[in-house]
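Asks: dropping a prediction and its sequence here:
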Amino acid sequence: MPGRTSKVHAKGRLDKYYHMAKEQGYRARSAFKLIQLNKKYNFLEKSKCLVDLCAAPGGWLQVAAKYMPKPNIIIGLDLVAIKPIPGAITHVEDITTQKCRSTLKKELKTWKADVFLHDGAPNVGVSWIQDAFTQSELVLASLKLATEFLIVGGTFVTKVFRSKDYNKLIWVFNQFFAKVEATKPASSRNVSAEIFVVCREYKAPKKVDPRLLDPKYVFKEVDDVADEDMDDKKKKERQGALLNDLFHPEKRKRHRTGYADGDYTLHIANNIADFLTGPDFLTTLTSSNELRFDMDDFGKQMAEHPITTQEIIDCCKDLKVLGKKDFKDLLKWRDAIRLDLGISQKKVVKEDETPEEEEPQDPESLADRLDAERKVAASRVKRERRKARERKAKQLIKFRLGMGTPSEIGLEASEQGAMGMGMGIMDQDDEGLFHMTGGTNVTSEQAKKSQALTAAEQAAADLMLTSDEDSMSESDDHEDDLEDYDSDADVQRKALRLESKLDNLYEQFCERRIDKDPSLRVRKQKEGAKAFEEWYGIEFDSNKRKREEGDLGADNGDESSDFSDDTDSEVEEKPTRPVKGKKRKAPSPEPVEDEEKEDVAVDPRALSKRARVFFDNPLFKALEQPKPKPAVQEAKKKANEDLFAKEMDGNWSDDSDLDAVPTRKEQKIAKKAKVMKDGFEDDSEDEKETNGFEVVPAGLDINGKPHDDFAITTAEAYTLAQKMIRKSSKRDVVDEGYNRFAFNDPDGMPDWFIDDESRHNKPSLPITKEAVTIILQKQRSLDARPIKKVAEAKFRKQMRTARRFEKMQKKAMSVMDDDGGEMSDKTKLLEVAKLKRRAKGKSDTKKTEVVVARGVNRAKQGRPKGVKGRYKMVDPRMKKEMRAEKRHAKATARKRRK
Ligand SMILES: C[S@@+](CC[C@H](N)C(=O)[O-])C[C@H]1O[C@@H](n2cnc3c(N)ncnc32)[C@H](O)[C@@H]1O
């Protein structure tokens, strides 16, 4: 059954408790709720007799049978039959009936139960009789049984739902039990409103006030007053509420006075006459399950009345399934019948005399009209708000895409701009470019752009706020107007779409800025961005970017302000951005402009993603470094001249201007002060370059790649990691984590057993072929690498050789520069060749080969056969003696050392 499967999955039923229940043979996952409750309160181990109300399919009964000491009595009751459970007696009973009470009495005889359990929930939608009860009423019914059959000091465990009845129930429990505690076991789903109340130490009062167990009394609303005590206003209100119940069943509040005394368990059938002629026809309509035509002659007449259609008769048979239209038809039919019978006419005559006593002729049409008017007004306001939001967002989008003028963004921008350059934005920026130029040198274009951007970001923020506020206020305004939900959903969907559009634009904005700033990009690559890319591939580019942006934000406060502080404009940010290394100088407006122009000319975003990845290669970094341009130098010179002129004139506008551009000396002093304060030196790019060391940031290895603390080194881990990537398989992994290996209780076990278990009683994790191949490849590539010590030795050797060659070069130079002319050219060459040989580590002294004069060589004159280079002919005796001598010398030396 596909429908059933999807329902099961949609509710997330197949969670770990479901699997655990299956594994451990429990009939329902709810068994773990009782296990967990018992773990906390230990009531099962102490009890001999237990009654489980609403016990099907029997999960709790199984737990009780397992945990209770034997011999015991376990009785389970439910509306549906329970498959036999060893050690438990089960009956099909409705716990709200008298018959159930008798059955229980028969079973228990003179016994009293130690524990009463109740995990009932109304079987919604099964049949009208089961629907008639709410959870709270079931709870009260179970308590009623418990009070009768529970032993003094006994325990009552019940499930309740968090509703307005909750506190009332708790109050009632407190009347019967010394200890009442509400708890939610871990196995109870968080999405469920259920909560379990464990009531201990039953007081067993001699006399029980029946009202304490009467739902009509316990759940009585404070304003539920007897009909006869109601004034006209109250009556009308009540009629309104009843109408609301009829037309909005989804928001129905209970009006319990509609039920007959003590008859709350039954299917309520009323006479049609009550509805047609009774004073409280609305109550009759809302509280009845059926309106019967066969109760008296009047009813039978009405059934045959020409105005009565078959549809009306059918509607009256089951009022609980009727919709709004059916109720309207019923009310109209009632009016028509009343007119025909002359009942209404009489009242109309009365109406003219005393309009105050008027019976609402057509209350539902009045309510409809009011409803409709309210809806029209509300939707008009909503539409206007939505349009305004969309207009604003469109302007913002246009501006972001460079299609609009800043003035379009909002008047606020121009107003802010008009406030003057020396204020607002510039004041936020201590070492700002604007201060340096005294505010007057900033081009109006830049200023506009900066303010417009600020305004744009402000507008975005406003937009979000208003949409939030709106949605909140709307939801407040129309909390009770369910008809409006469609349009609300529309608005929310649109707001979400806009939000995601804005997010995209913001992402693009950040990307463009990263692309514009080569130093930022270079640094990011140093921080191991490349490693990520290699690992995740091109497809993950956008994710990677996001992550990097996040990382940057987290690592560097200045950086983060660059990206997260929306109020900073692009123009302002240039000077505040921490440009590392030599570029960290007080910037001037012109270079910024130049850079921007250049960016416009060659837009890196024009490249495809693949191309961008390619150009991210460090080889291209050098090309990307902006070179100082003559125009920039000109601008700097000009700025300096301005500064000088100002200084000479004593024309500084204020002190902050002086602070804005710290001199080199000031920077040094500030740095020293920082070092003294912090106790360590700032490891900025400046320092790195001047010291000649490259400081590898924490978290990166010597190659600039991030340390991999969570390296996947086994095929199991790889398979697991692969599963964790997908949401569906991830859930399976989590659920599979709870298996028979998860809860091995080692208490009371011998050490050898625990030891053995820990070694062998492990789940064997599945591994995929692919994972094994990958891990093998990884292992092979690791094996192929030289070990660290060998690499170091090789490096040392290379260094030594390099040093020797350096020395040799120096000596060779001095030999060749032999100005005294003592050496001939040939000698010089020989000398240099000797030096070269030495540098290569070859010794000059030639080896003399010892040749034994025996065999073909005996008494041979001249060079023996097969011998090249120096040689010495020796007789065999001599060679042996020489070796013996050496051995002897070695031995004596060893002895002496000892
Ligand atoms: C959540 S199940 C109980 C599960 C049970 N505790 C277990 O572990 O297997 C709720 C049960 O309440 C029963 N129920 C609902 N109304 C009832 C009533 N008036 N009398 C008896 N049982 C009722 C339903 O038939 C249903 O089987």
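Replies: Structure received.
Asks: how about the residues of the stretch 1-150 of the chain near the ligand?
Replies: Selection of the stretch 1-150 of the chain residues close to the ligand by Cβ under 6 Å from any ligand atom yields 27-28, 30-31, 54-60, 78-80, 94-96, 119-123, 130, 133, 138. No exception for glycine: its C-beta is placed from N, CA and C like everyone else's.
Asks: mind doing that once more with 5 Å?
Replies: 28, 30, 54, 56-57, 59-60, 78-80, 94-95, 119-121 (Cβ under 5 Å from any ligand atom).
Asks: quick one: which of those residues sit in strands?
Replies: Judged by DSSP state E, those include D78 as members of strands.
Asks: which of the residues of the stretch 1-150 of the chain next to the ligand count as buried?
Replies: 28, 30, 54, 56-57, 59-60, 78-79, 94-95, 119-120 (16 or more other Cβ atoms under 10 Å).
Asks: mind checking which of the residues of the stretch 1-150 of the chain next to the ligand are in helices?
Replies: G59, W60 (DSSP state H).
Asks: closest to A146 out of the residues of the stretch 1-150 of the chain next to the ligand?
Replies: I95 (10.4 Å; Cβ to Cβ).
Asks: ok, now which ones touch that closest one?
Replies: L53, C54, L77, H118, G120, L138, A141, S142, L145 (Cβ atoms under 8 Å, 6 or more residues apart in numbering).
Asks: any idea how far D732 is from D15?
Replies: D15 sits 11 Å away from D732, going by Cβ to Cβ, to the nearest Å.
Asks: who has more neighbours out of the two?
Replies: Between D15 and D732, counting by other Cβ atoms under 10 Å, D15 is the more crowded of the two (17 against 13).
Asks: that one and R497, how far apart?
Replies: 33 Å.
Asks: redo the buried ones among the residues of the stretch 1-150 of the chain next to the ligand as JSON lines? Include pLDDT.
Replies: Output for those, formatted as JSON lines (pLDDT from 0 to 100):
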{"residue": "A28", "pLDDT": "90"}
{"residue": "S30", "pLDDT": "91"}
{"residue": "C54", "pLDDT": "93"}
{"residue": "A56", "pLDDT": "91"}
{"residue": "P57", "pLDDT": "92"}
{"residue": "G59", "pLDDT": "93"}
{"residue": "W60", "pLDDT": "95"}
{"residue": "D78", "pLDDT": "93"}
{"residue": "L79", "pLDDT": "90"}
{"residue": "D94", "pLDDT": "91"}
{"residue": "I95", "pLDDT": "92"}
{"residue": "D119", "pLDDT": "92"}
{"residue": "G120", "pLDDT": "88"}
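Asks: mind putting the residues you listed in JSON lines, distance to K394 included?
Replies: Below are these laid out as JSON lines (distance: Cβ to Cβ, whole Å):
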{"residue": "A28", "distance to K394": "55"}
{"residue": "S30", "distance to K394": "53"}
{"residue": "C54", "distance to K394": "58"}
{"residue": "A56", "distance to K394": "59"}
{"residue": "P57", "distance to K394": "58"}
{"residue": "G59", "distance to K394": "57"}
{"residue": "W60", "distance to K394": "60"}
{"residue": "D78", "distance to K394": "61"}
{"residue": "L79", "distance to K394": "59"}
{"residue": "D94", "distance to K394": "62"}
{"residue": "I95", "distance to K394": "62"}
{"residue": "D119", "distance to K394": "56"}
{"residue": "G120", "distance to K394": "56"}
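Asks: out of the residues you listed, who's nearest K375?
Replies: Using Cβ to Cβ, those come closest to K375 at G120, 40.1 Å.
Asks: which residues touch the nearest residue to the closest one once chain neighbours are set aside?
Replies: Using Cβ to Cβ, 6 or more residues apart in numbering and skipping the chain neighbours, the partner closest in space to G120 is C54 (3.0 Å). C54 sits next to L77, D78, L79, I95, H118, D119, G120, A121, L138, S142 when contact means Cβ under 8 Å, 6+ apart.
Asks: give me phi/psi at C54?
Replies: For C54, the backbone dihedrals (degrees, to the nearest 10) come out as phi 60, psi 60.
Asks: let me know the average pLDDT across stretch 764-778.
Replies: On average, the pLDDT along stretch 764-778 is 86.
Asks: give the buried residues for it.
Replies: I767, A771, I774, I775.
Asks: now distance to the ligand and secondary structure too, for those residues, in a markdown table please.
Replies: Output for these, formatted as a markdown table (distance: Cβ to the nearest ligand atom, whole Å; DSSP: H, G, I helix; E, B strand; the rest coil):
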| residue | distance to the ligand | secondary structure |
| --- | --- | --- |
| I767 | 37 | coil |
| A771 | 40 | helix |
| I774 | 45 | helix |
| I775 | 45 | helix |
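Asks: and those residues, which two are the farthest apart?
Replies: Across those (Cβ to Cβ), the longest gap, 10.7 Å, separates I767 and I774.
Asks: show me whatever sits in contact with both of these two.
Replies: A715, Y718.
Asks: reformat the buried residues of stretch 764-778 as CSV; add distance to K40.
Replies: Converted to CSV, the buried residues of stretch 764-778 look like this (distance: Cβ to Cβ, whole Å):
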residue, distance to K40
I767, 39
A771, 42
I774, 46
I775, 44
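Asks: what sits up against the lengthiest strand in the chain?
Replies: Secondary structure of the chain per DSSP E: the longest strand is strand 150-161. The contact list for strand 150-161, computed with Cβ under 8 Å, 6+ apart, reads 34, 37, 41, 43, 47, 49, 112-121, 135-136, 139, 142-143, 146, 166, 169, 173, 176-177, 182, 193-204.
Asks: now a PyMOL select for only the buried ones of those residues.
Replies: Restricted to buried positions by 16+ other Cβ under 10 Å, the PyMOL selection for these reads:
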select buried, resi 34+37+41+43+47+49+113+114+115+116+117+118+119+120+135+136+139+142+143+146+166+169+173+176+177+194+195+196+197+198+199+200+202
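Asks: which members of the contacts of strand 150-161 occur in helices, if any?
Replies: Among the contacts of strand 150-161, the residues falling in helices (DSSP H) are 34, 37, 41, 135-136, 139, 142-143, 146, 166, 169, 173, 176.
Asks: quick check, nearest of the residues you listed to G748?
Replies: Nearest to G748 among the ones in helices among the contacts of strand 150-161: Y41, at 22.3 Å, using Cβ to Cβ.
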